[in-house]
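**Student:** Here is my input, please return the structure:
(one chain, ligands or ions: 1)
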Amino acid sequence: MSTAGDAGDGREDGGVLAWFPAGLPPAQKVIGLFAAKWAIGALRPLVLLGVPDLLAEGPRTAADLAREAGVDPDVLHRLLRAAAAVGVVREAQDGTYVLAPEGQGLRSGVPDGVREMFLFASDPVMWRPYEELPHTLRTGEPAFGRAFGTDFFAFLREHPATAALFDHAMVQNRYPGTDRVLDGFDFSRFPRIADVGGGRGHFLAAILARHPGCTGAVCDQPQVVAGAKEQFEQHGVADRATAVETDFFTSVPAGFDAYLIKHTLHNWNDRDAVRILSRVRDAIGTDLNARLLVVDALLTGPGGFDLGKLTDVEMLAVLDGRERDRADWDRITAAAGFAPAGEDPEPGDLVLLEFRPV
Ligand SMILES: C[S@@+](CC[C@H](N)C(=O)[O-])C[C@H]1O[C@@H](n2cnc3c(N)ncnc32)[C@H](O)[C@@H]1O
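**Tutor:** You can find the predicted model right below:
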């Protein structure tokens, strides 16, 4: 997410356009954005081929790698050269390549890896809806539905391989803001925590690992929570965590002190987000000490760089969802029977917003 005020955040010198090569007159700077397309285009086939894993074993030439992988040596050389220009690999004078620190996360199965996140975000399924954004602009109709004839999560239910990649990507969904939320909020106030739409339970597991007095349940679709046991075991919290098969449009399990919902309400338009929040409110019932904890982006006001204003476009294209500012969050939670409680975090990053039932 954005790092307001840091050097190089683009805020003072023109946003994302400032990140691309200098030298273009202002009226032409926008063409520098294509560098992102070319960079992703070069990296995706390299990652699919497992090149970051092969390079982790030591310096290799393109010819040597091409022989081992059975691919075209000249094309591999050109893609690696581009990856070096991006900064993901380093190219030595003798023609060998090594993985740069910035490429380590593209290896398979490494701690803090982002391989599946990268492959999912660059998947054709995630590009195709963008072709329909002009239609969405004209009509307000969801781009993903126009592209695929169904909504994103229904599509995943019908395409298990894409769904498995998405669920794995979500486990890697760790913006710097996620650690700040984990470190900065006192989850130990809540002995029983439900993570609604919590994926495979990775965030809940991280909370429980930090707070030995807490227990919890991840509440997500059956095919998703099927992967929770592994996460709970990896974090050493399997004795304090359960998985509850949940359709959050139908009902959310009762009996928890905190209902956490992270990176999930932004997947939905206001009408559907209020439906989900209303099911959480139903689950809380008369327990006015229970809390709703929303972890999502909090948009800044007009002007300036804010990564949430860009991820909002992904929400628009792929999910018919949206990122929200403080007034948006207060409005949709109020519609479901909640009022703000706790701290009022700075916008411009992933935040935790606390609400009490009214
Ligand atoms: C963007 S992911 C966020 C996952 C996790 N909270 C995180 O921050 O990494 C949204 C989650 O909502 C879940 N979801 C979508 N529709 C659902 C439904 N009807 N009932 C329960 N969960 C659902 C998905 O399976 C997915 O795990």
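
**Student:** hey, let's count contacts and neighbours off CA atoms from now on
**Tutor:** Fine.

**Student:** mind listing the strands for the stretch 101-250 of the chain?
**Tutor:** 192-196, 215-220, 241-245 (DSSP state E, counting those that start in this stretch).

**Student:** Can you pull up the residues of the stretch 201-350 of the chain that come close to the ligand?
**Tutor:** 220-221, 224, 246-249, 262-264 (C-alpha under 6 Å from any ligand atom).

**Student:** Just the buried subset of the residues you listed, written out for ChimeraX, thanks.
**Tutor:** When burial is assessed using 16 or more other C-alpha atoms under 10 Å, the buried subset of those is captured in ChimeraX by this command:
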select :220,221,224,246,247,248,262,263,264
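
**Student:** Mind putting the strands of the stretch 101-250 of the chain into a markdown table with mean pLDDT?
**Tutor:** Converted to a markdown table, the strands of the stretch 101-250 of the chain look like this (pLDDT from 0 to 100):
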| stretch | mean pLDDT |
| --- | --- |
| strand 192-196 | 98 |
| strand 215-220 | 98 |
| strand 241-245 | 98 |
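
**Student:** in stretch 334-353, what's buried?
**Tutor:** Under the neighbour-count criterion of 16+ other C-alpha under 10 Å, stretch 334-353 has 334-340, 347-353 buried.

**Student:** what about it, how long is it end to end?
**Tutor:** This stretch, stretch 334-353, spans 13 Å end to end (C-alpha to C-alpha, to the nearest Å).

**Student:** Please apply the same query to stretch 47-60.
**Tutor:** Using C-alpha to C-alpha, the two ends of stretch 47-60 sit 16 Å apart.

**Student:** contacts for it?
**Tutor:** 46, 65, 69, 96-99, 103-104, 106-108, 115, 119 (C-alpha atoms under 8 Å, 6 or more residues apart in numbering).

**Student:** OK, contacts around residue 260?
**Tutor:** With C-alpha under 8 Å, 6+ apart, residue 260 has these contacts: 193-196, 292-295.

**Student:** Same check on residue 120?
**Tutor:** Residue 120 neighbours (C-alpha under 8 Å, 6+ apart): 126, 162, 165-166, 169.

**Student:** Read off the pLDDT value for it.
**Tutor:** On the pLDDT scale, residue 120 is placed at 97.

**Student:** coming back round to it: which of the buried residues of stretch 334-353 fall in helices?
**Tutor:** Mapping those onto helices (DSSP state H) picks out 334-335.

**Student:** okay, the buried residues of stretch 334-353 in a markdown table with pLDDT and distance to residue 87 next?
**Tutor:** Shown next, in a markdown table, are the buried residues of stretch 334-353 (pLDDT from 0 to 100; distance: C-alpha to C-alpha, whole Å):
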| residue | pLDDT | distance to residue 87 |
| --- | --- | --- |
| 334 | 98 | 46 |
| 335 | 98 | 47 |
| 336 | 98 | 47 |
| 337 | 98 | 49 |
| 338 | 98 | 46 |
| 339 | 98 | 46 |
| 340 | 98 | 43 |
| 347 | 96 | 30 |
| 348 | 93 | 27 |
| 349 | 90 | 25 |
| 350 | 94 | 26 |
| 351 | 96 | 30 |
| 352 | 97 | 33 |
| 353 | 98 | 36 |
